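Asker: got a predicted structure plus its sequence, pasted below:
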Amino acid sequence: MTHLFGLADCNNFYASCEQVFQSDLRGKPTVVLSNNDGCVIALSKEAKSLKIPFGIPYFKMKATPEYRHVQVRSANFTLYGDMSNRVMDTIALNVPDTEIYSIDECFIDYNGVPNAEAHAKQLSETVRQWTGIAICIGLGPTKTLAKLANRKAKKEACGAVDVTDMDIRNDILKETEIGDVWGVGRRWKARLLLQGINTAYDFSRMDRRLARDMMGVVGLRTVDELNGISCQDLEFITPDKQNLCISRSFGDTIHTLDGMKERIHYFSTRATEKLRSGGLVASAISVFVRGNRFRPELPQYSNSVTVSLDGSTSDTGEILNAALYGLNKIYRPGIPYKKAGVLLLDLHPKEQAPSNLFTKSNPQREKLMHTMDGLNSKFGPGAVSYGQIPQSRTWYMSQKMLSNRFTTHWRELLVAK
DNA sequence: TCTGGGGTCCTAGGACCC
DNA sequence: TCTGGGGTCCTAGGACCC
């Protein structure tokens, strides 16, 4: 049976979110910066046409005269998350089923939908009207081909493209560079080019055994998918998360154990909140620290350690102790630290967590955690915290150009005049 | 002065077992 | 000339994604 997959993808998502709520940004080149206002992670179409490179450090962009009039915003993930929900809800209302793939993309089950391409075009229009966000939809018999069709739709700015038809498909395969195929990153691109494989079409014609030998089952799957053989179904049930990571580069540099403790304390606390909000427990935690890899003249050091927890837990106190124990193990004096983080590992839903002798339930502590989570979500992260708290969070992020949280905080809602 | 954060999957190789 | 031969589990590292 042949399938029909759709892939809906928001155009320039973060930049579009900023432009939707700030009319003065519309039509102007606009970029969004990463945490700490470090580098450019999203560009509006006007910014793209100025050829601002994705990922350029902000200080470099600022120093470039041609970019001086570019509008700049700090990443506002609260806003983007909320807009994402609106877009996804709108799509889900109009199609049989969806699989949310990332903050700005979802796969669509288009099996059995008559005139799917026309339907998809109409859907992209509906999303634009309801949310203000422009999307494009690609359609094809596999996820990889739907991705390919989506690129084409974006390029043509036409709402939707279907590559089910073989002639249309082959044309698009031939005009798609190998590095633009979903699943082919920088490394494989280089190796495939050496083999004389320059386009998606060349890749689809590649010998299956060679693909398997060179790139493993993942590469083989991609070749098959380019040929219309579906190897990846829609996943309607989100698989349980296995790891959870909170990490940051610092706005400043840390030289002391106390300074690092402060940050690890913060990361662990945020991580356990996330853990509990997903109804999960962890059985181990990794802590990592790193110097400044962009300054090779400074002493370099990078290390990590994994600490087992006593059974599976989501208790902030236990996880915090393990994290600080780990930090003590790997901390070396004399290093200017620039980045650190924690990973919670081996996650399971609380009910089905593997239990052992150490597993214990303590309703009072659970209630305490619940209360703290509530206060922190209401008043902002770190409003109440566990144990001795770091004095300030000014180090946490520099976000000098943050827009308002137009959709989720009533003090910042837009006022109609 | 200033360079993101959060994930997944696969594979190779070592430790250990019988 | 070399040499056991399977299994399992774990970890590190490489590749990719947005």
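Answerer: Great, that's in hand.
Asker: just the buried residues of stretch A:160-180, please?
Answerer: A:160-164, A:169, A:172-173, A:176, A:178 (16 or more other Cβ atoms under 10 Å). Every residue, glycine included, has its C-beta placed from N, CA and C.
Asker: so which of these are in strands?
Answerer: Among the buried residues of stretch A:160-180, the ones falling in strands (DSSP state E) are A:160-162.
Asker: what does the stretch 101-250 of chain A put close to DNA strand C?
Answerer: Proximity of the stretch 101-250 of chain A to DNA strand C (Cβ under 7 Å from any atom of the strand) is limited to residues A:101-105, A:147, A:182-189.
Asker: the closest residue to DNA strand B within the stretch 251-400 of chain A: neighbouring residues, count only.
Answerer: The stretch 251-400 of chain A approaches DNA strand B most closely through A:Phe294 (4.2 Å), counting by Cβ to the nearest atom of the strand. Per other Cβ atoms under 10 Å, the neighbour tally for A:Phe294 reads 9.
Asker: do A:Lys261 as well
Answerer: Count around A:Lys261 with other Cβ under 10 Å applied: 18.
Asker: my read is it is in a helix, agree?
Answerer: Yes. A:Lys261 forms part of a helix when assessed by DSSP: H, G, I helix; E, B strand; the rest coil.
Asker: who's in contact with it?
Answerer: Counting by Cβ atoms under 8 Å, 6 or more residues apart in numbering, A:Lys261 touches A:324, A:327.
Asker: check A:Asn150 too.
Answerer: By Cβ under 8 Å, 6+ apart, the residues touching A:Asn150 are A:7-9, A:136-138, A:161.
Asker: where does it sit: helix, strand or coil?
Answerer: Assignment for A:Asn150 (three-state DSSP): helix.
Asker: which non-adjacent residue is nearest it?
Answerer: Closest residue to A:Asn150 apart from its sequence neighbours, by Cβ to Cβ, 6 or more residues apart in numbering: A:Gly138 at 3.0 Å.
Asker: now A:Pro381
Answerer: Nearest residue to A:Pro381, sequence neighbours excluded (Cβ to Cβ, 6+ apart): A:Arg270, at 6.2 Å.
Asker: okay, the residue of the stretch 251-400 of chain A closest to DNA strand B and A:Tyr58: tell me how far apart.
Answerer: Separation of A:Phe294 from A:Tyr58 (Cβ to Cβ, to the nearest Å): 14 Å.
Asker: buried ones in whichever strand or helix holds A:Glu46?
Answerer: Assigned by DSSP states H and E, A:Glu46 falls within helix A:45-49. By 16+ other Cβ under 10 Å, the buried positions in helix A:45-49 come out as A:45-47.
Asker: wait, does whichever strand or helix holds A:Val307 contact DNA strand B?
Answerer: According to DSSP H and E, A:Val307 maps onto strand A:302-313. No. Strand A:302-313 is not in contact with DNA strand B by Cβ under 7 Å from any atom of the strand; minimum separation 13.4 Å.
Asker: from memory A:Thr30 sits against A:Ala15, does it?
Answerer: Yes. The criterion here is Cβ atoms under 8 Å, and A:Thr30 meets it with A:Ala15 at 5.0 Å.
Asker: report pLDDT for the residue of the stretch 251-400 of chain A closest to DNA strand B.
Answerer: pLDDT, A:Phe294: 87.
Asker: picking that back up, elements contacting the helix holding A:Glu46?
Answerer: strand A:30-33 (3 or more Cβ pairs under 8 Å, 6 or more residues apart in numbering; DSSP states H and E).
Asker: since that was my last question, I'll sign off now.
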